[in-house]
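Chemist: Provided below are the primary sequence and the corresponding predicted coordinates.
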Amino acid sequence: MNKIKIAPSLLAADFGNLQRDVEMVNQSNADWHHIDVMDGMFVPNISYGMPVIKAIAKHATKPLDVHLMIVDPDRYIETFAHLGADVLSVHYEACTHLHRTLQAIKAAGMKTGVALNPHTNISLLEDTIKDIDLVCVMGVNPGFGGQSFIENTYRKIQALRAMIRSNGAHTLIEVDGGVTDTNAKKLVDSGADVLVTGSYVFSAPEPLAAIARISEIANG
Ligand code: DX5
Ligand code: ZN
């Protein structure tokens, strides 16, 4: 089996010590840096924008997994490619022409990601699944870190895993929101390939140890 990837979400980092926290992730056995972009429109919160992401990218040594929680994400595809995003996820609910958006992300040289809100059925991706490198299944309503995990997410991941298989696709399943050491194993058993984790890591007394622990649990 492939290694289950751990992607610490920098939304929960100490922004006064961002370089330190990015370097902590560099030194850890995490796999990706997860970067949450919020516009105050698609979600009721604003996180950080281009200058901050540029600073993160300058220090980060692992792939950048960028999660756009913004309306009309097509406007910024090129910008995120220039900033160094490796995976660019847009929300299904924010795209009128998802197929076109996915082609544009690919053409800009990035892996394609689609995030689903808790209410969005996985079947809506059946016609584009072969163009999607990663589906980000939200375990909470997007907008904030530190929320509690929605239990229906396990069922969604299982259904998505079956749908990916039956279509002969190679899409990775990422789960984002409310992921901790207590649900990591069940998420992996349900079919998750990538675990995003914010407050679990950054509110731990020893973030490096927290990353090691969740990676160990996930990889059993
Ligand atoms: C939520 C963000 C998540 C968030 C995860 O809108 O997309 O990536 O930072 O944080 P935790 O792990 O604290 O739920
Ligand atoms: Zn996220």
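Modeler: Received it, and whenever you're ready, just let me know what you need. Ligands and ions are numbered 1, 2, ... in the order given.

Chemist: so which residues on this protein come close to ligand 2?
Modeler: Neighbours of ligand 2 within the chain, by Cβ under 5 Å from the ion: 36, 67, 176. All C-beta spots, glycine's among them, are computed from the backbone N, C-alpha and C.

Chemist: out of those residues, who's the most crowded?
Modeler: Most neighbours among those, by other Cβ atoms under 10 Å: residue 67, with 28 neighbours.

Chemist: wait, doesn't it sit right on residue 134?
Modeler: No: under the criterion of Cβ atoms under 8 Å, residue 67 makes no contact with residue 134, lying 10.1 Å away.

Chemist: what about ligand 1: which of the residues of the chain next to ligand 2 touch it?
Modeler: 36, 67, 176 (Cβ under 6 Å from any ligand atom).

Chemist: specify the beta-bridge partners of the first one.
Modeler: The partner list for residue 36 in beta bridges (DSSP bridges) reads residue 67.

Chemist: residue contacts, it?
Modeler: By Cβ atoms under 8 Å, 6 or more residues apart in numbering, the contact set of residue 36 is 9, 10, 11, 47, 67, 69.

Chemist: ditto for the second one
Modeler: If you count contacts by Cβ under 8 Å, 6+ apart, residue 67 has them with 34, 35, 36, 37, 89, 113, 115, 136, 176, 196.

Chemist: out of those, which is most surrounded?
Modeler: residue 89 (30 neighbours).

Chemist: do I have it right that that one meets residue 114?
Modeler: Yes: at 6.4 Å, residue 89 counts as touching residue 114 under the criterion of Cβ under 8 Å.

Chemist: quick one: the helices in this protein?
Modeler: 18-27, 50-59, 77-83, 98-107, 153-166, 184-190, 199-202, 207-219 (DSSP state H).

Chemist: please work out which residue of the protein is closest to ligand 2.
Modeler: Across the chain, no residue is closer to ligand 2 than residue 67, which sits at 3.7 Å (Cβ to the ion).

Chemist: could you measure from that residue over to residue 27?
Modeler: Look at residue 67 and residue 27: by Cβ to Cβ, to the nearest Å, they are 23 Å apart.

Chemist: next: residue 88.
Modeler: Going from residue 88 to residue 27 by Cβ to Cβ gives 25 Å.
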